[in-house]
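Asker: pasting a predicted model and its sequence here:
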Amino acid sequence: MSIDSTPQTSVSPEPPTKQTSYVFQSTVNKQLPHAVGGDGCYLIVEDAETGERRRILDGMTGAAVGALGWGDETAIELVANSVRECHYSYSPYHCNKNAEALGKFLIDNSPPGVFTSSLFLGSGSEANENAMKLVKQYFLERNLPKKNKFISRSTCYHGFTLGSLSIGANSRAKLFQDILLPKELTPKTDVCYPFRYKQKGQSDESYVEQLLDNLESLILKEGPDTVAAIILETLPGSSIGTVPPPAGYLPGVRRLCNKYDIVFYLDEVMCGTGRANPPSGYGLHCWENYLSPQEAPDIQTIGKTLGSGYITIAGVLIGNKIQKAYLEGSGTVIGAHTYASHSFNCLAALKIQQYIKQLGLTKNIFKMGNLMGTKLHQALKDNPIVVDVRGIGGFWSIEFGKNGTPDNDVFPLEAKVALRIQAQAFQNGLTVMGAQGGFNQVGDHMCLAPAFIIQESDVDEIVRLTTKTVNDMAVQLKAEGYL
Ligand SMILES: Cc1ncc(COP(=O)(O)O)c(C=O)c1O
């Protein structure tokens with residue numbers, strides 16, 4: 001390439017583009033409503049142009065972030081007071097007591113012996129990015145440098161950094177494919193999605209066996225000595241919409257990991273930290289619904305409700321097996337982020353988690369969330385565009401399609417069913433998350449993940465507004481010829 005060395009005499013600036021927003025994210029051709037406050041399960045939004053304010057029932061708490069609801073004075077005070085009790089520490093030189101205390105709290109509130117250490121970052125994507133590197137170094141510590149492959153599933157979401165997009169499989173990952181980790185390092189196995197992929201008449205047991213057989217074949221094809229980890233969302237959220245794993249599936253994956261010396265890695269960024277753990281369990285992890293402590297993950301990522309929307313924090317929980325290899329090996333973790341395990345974030349998250357525990361909110365959301373699921377089932381069972389209602393605890397989804405036409409029941413992408421439902425629900429006074437592409441690049445579903453504080457009256461209102469929105473959409477789709 002030749003470079004023109006002619007001096008540039010006058011460079012006139014481009015005429016200014018229309019100023020729409022000073023923040024370059026999501027929608028950039030207009031300003032979205034601003035979230036300006038909230039009280040309990042309600043969010044207050046302000047129209048960016050008119051300044052008009054509305055109070056919206058927060059059925060989704062952003063991206064399943066909210067546990068304490070909004071405007072909780074105690075939470076605000078706990079967070080505010082945390083500033084005074086911390087000092088910045090940079091991990092190569094110092095640690096801090098607050099990170100230690102948060103790690104201890106999370107480990108103490110997990111089944112004994114499962115996790116032994118932790119690392120805190122700013123987002124779920126960063127958590128997955130770091131967990132991948134921790135797994136890679138784990139195998140280096142054991143002198144197994146060929147273990148470089150990360151198997152995840154054919155439809156999944158693990159974040160938006162390049163590493164986490166590489167283990168993801170969704171429309172966004174597809175767009176950026178050319179700049180991600182090579183496909184050879186990130187093989188994909190079947191998504192576990194019985195509603196769509198279990199054959200007619202096939203039992204759950206046989207479907208699970210099929211998934212595990214295919215996974216084992218993939219491990220063997222790739223070469224077990226090259227596979228580092230199998231990565232799964234315990235309860236997939238935005239990708240396919242809260243599909244609970246059928247009995248035997250997660251334990252089966254665990255067995256394959258044991259058999260081939262592969263790290264069993266669960267992503268609970270969206271479904272974990274209190275959103276969907278069984279009340280009989282230790283109080284934090286969704287996998288406690290499906291796995292015994294002996295079958296627990298070797299490494300796990302967490303986020304969202306850890307800070308409950310009051311602060312930015314996510315993390316990696318590290319199992320004994322992994323920690324031991326480091327202790328017996330180099331005794332160091334390579335790399336650092338400037339703000340990793342930040343003292344303020346860790347203390348504020350600890351205070352928030354202690355407060356959630358003190359109020360018994362993870363038990364409340366499990367009960368109220370399941371009640372919401374039962375009521376949604378009941379209210380939507382005859383709706384012509386609802387094909388499935390599923391979830392557990394505080395995380396539920398509704399899948400849309402042409403009910404009664406099982407072989408061709410998916411709406412075309414251009415009908416934008418889920419996105420229009422999200423917009424319409426907002427107009428009706430409810431936040432939901434609409435998503436497309438969960439089934440063979442098409443398909444529509446919406447998710448609900450309210451704050452842990454919801455009461456039965458909130459559940460009834462969520463169900464009423466959801467039903468109204470979905471009923472109205474069915475009428476519109478019929479008028480447009482999609483039904
Ligand atoms: C399962 C899962 N993992 C990782 C992430 C990424 O988290 P973050 O958006 O905080 O980077 C998300 C976000 O929705 C998620 O749902």
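Answerer: Perfect, thanks for sending it.

Asker: residue of the stretch 51-200 of the chain with the smallest distance to the ligand?
Answerer: Gly124 (2.3 Å; C-beta to the nearest ligand atom). Any C-beta I mention is one placed from the backbone N, CA and C, and that applies to glycine too.

Asker: quick one: contacts for that residue?
Answerer: Gly124 makes contact with 158-159, 164, 267, 269-270, 301-304, 314, according to C-beta atoms under 8 Å, 6 or more residues apart in numbering.

Asker: pick the one among those residues closest to Val65.
Answerer: Nearest to Val65 out of those is Lys304 (C-beta to C-beta; 4.8 Å).

Asker: near the ligand, which residues of the chain?
Answerer: Counting by C-beta under 6 Å from any ligand atom, the chain comes close to the ligand at 63, 123-125, 128, 157-160, 233, 237-238, 267, 269-270, 303, 314.

Asker: re the thing from before, go through the contacts of Gly124 and flag which are in helices.
Answerer: Judged by DSSP state H, the contacts of Gly124 include Ser164 as members of helices.

Asker: could the contacts of Gly124 go into a markdown table alongside distance to Gly71 and pLDDT?
Answerer: Formatted as a markdown table, these follow (distance: C-beta to C-beta, whole Å; pLDDT from 0 to 100):
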| residue | distance to Gly71 | pLDDT |
| --- | --- | --- |
| His158 | 31 | 98 |
| Gly159 | 28 | 98 |
| Ser164 | 31 | 98 |
| Asp267 | 30 | 98 |
| Val269 | 24 | 98 |
| Met270 | 23 | 98 |
| Thr301 | 28 | 98 |
| Ile302 | 24 | 98 |
| Gly303 | 22 | 98 |
| Lys304 | 19 | 98 |
| Ala314 | 23 | 98 |
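
Asker: which residue ranges of this protein form strands?
Answerer: Assigned strands in the chain, in chain order: 34-39, 42-46, 53-57, 115-121, 149-153, 188-189, 227-233, 263-268, 299-302, 314-319, 386-392, 395-400, 433-439, 442-448 (criterion: DSSP state E).

Asker: between those strands, which gets nearest to Ser341?
Answerer: Once these are compared by C-beta to C-beta, strand 115-121 is nearest, at 4.4 Å.

Asker: from what I can see Arg153 touches Thr186, true?
Answerer: No: assessed by C-beta atoms under 8 Å, Arg153 is found out of contact with Thr186, at 11.1 Å.

Asker: got the buried residues for stretch 93-100?
Answerer: 96, 98-99 (16 or more other C-beta atoms under 10 Å).

Asker: actually stretch 305-314, sorry about that
Answerer: Of the residues in stretch 305-314, 305-314 count as buried by neighbour count, 16+ other C-beta under 10 Å.

Asker: ok, those vs Gly394, which is closest?
Answerer: For the buried residues of stretch 305-314, the nearest to Gly394 is Thr305 (9.0 Å; C-beta to C-beta).

Asker: in contact with that closest one, which residues?
Answerer: When contacts are counted by C-beta under 8 Å, 6+ apart, Thr305 touches 64-67, 272-275, 452.

Asker: change it to 6 Å
Answerer: 67, 273-275 (C-beta atoms under 6 Å, 6 or more residues apart in numbering).

Asker: likewise for Thr469?
Answerer: Contacts of Thr469 by C-beta under 6 Å, 6+ apart are 421, 424-425, 428.

Asker: quick check: it vs the ligand, distance?
Answerer: Remark: distance between Thr469 and the ligand (C-beta to the nearest ligand atom, to the nearest Å) = 22 Å.

Asker: so what pLDDT did that residue get?
Answerer: If you check Thr469, the pLDDT there is 98.

Asker: show me what Arg54 bridges to in the sheet.
Answerer: Val45 (DSSP bridges).

Asker: now swap in Gly391 and tell me
Answerer: Trp396.

Asker: which non-adjacent residue is nearest Ser89?
Answerer: Counting by C-beta to C-beta, 6 or more residues apart in numbering, Asn96 is the residue found nearest to Ser89 once chain neighbours are left out, at 4.4 Å.

Asker: count of neighbours near Leu121?
Answerer: Per other C-beta atoms under 10 Å, the neighbour tally for Leu121 reads 25.

Asker: can you check Gly360 too?
Answerer: 12.

Asker: just the pLDDT for it.
Answerer: 96.

Asker: and what of Arg172?
Answerer: pLDDT, read off for Arg172, is 87.

Asker: what do you get for the one 10 residues further on?
Answerer: Reported pLDDT at Pro182 in the predicted model: 97.

Asker: do the same with Gln19
Answerer: Looking at Gln19, the pLDDT reads 81.

Asker: for the ligand, see how far away it is.
Answerer: Taking C-beta to the nearest ligand atom, one finds Gln19 at 27 Å from the ligand.

Asker: count the residues that sit near that residue.
Answerer: 6.

Asker: which residues are contacting stretch 333-344?
Answerer: With C-beta under 6 Å, 6+ apart, stretch 333-344 has contacts from 82-83, 86, 89, 91-92, 96, 98-99, 120-121, 137.

Asker: and which of these is nearest Phe176?
Answerer: Leu121 (20.8 Å).

Asker: that closest one: what's it in contact with?
Answerer: Counting by C-beta under 6 Å, 6+ apart, Leu121 has contacts 127, 130, 314, 340.

Asker: from the residues you listed, list the buried ones, please.
Answerer: Using 16+ other C-beta under 10 Å as the burial test, those include 127, 130, 314, 340 as buried.
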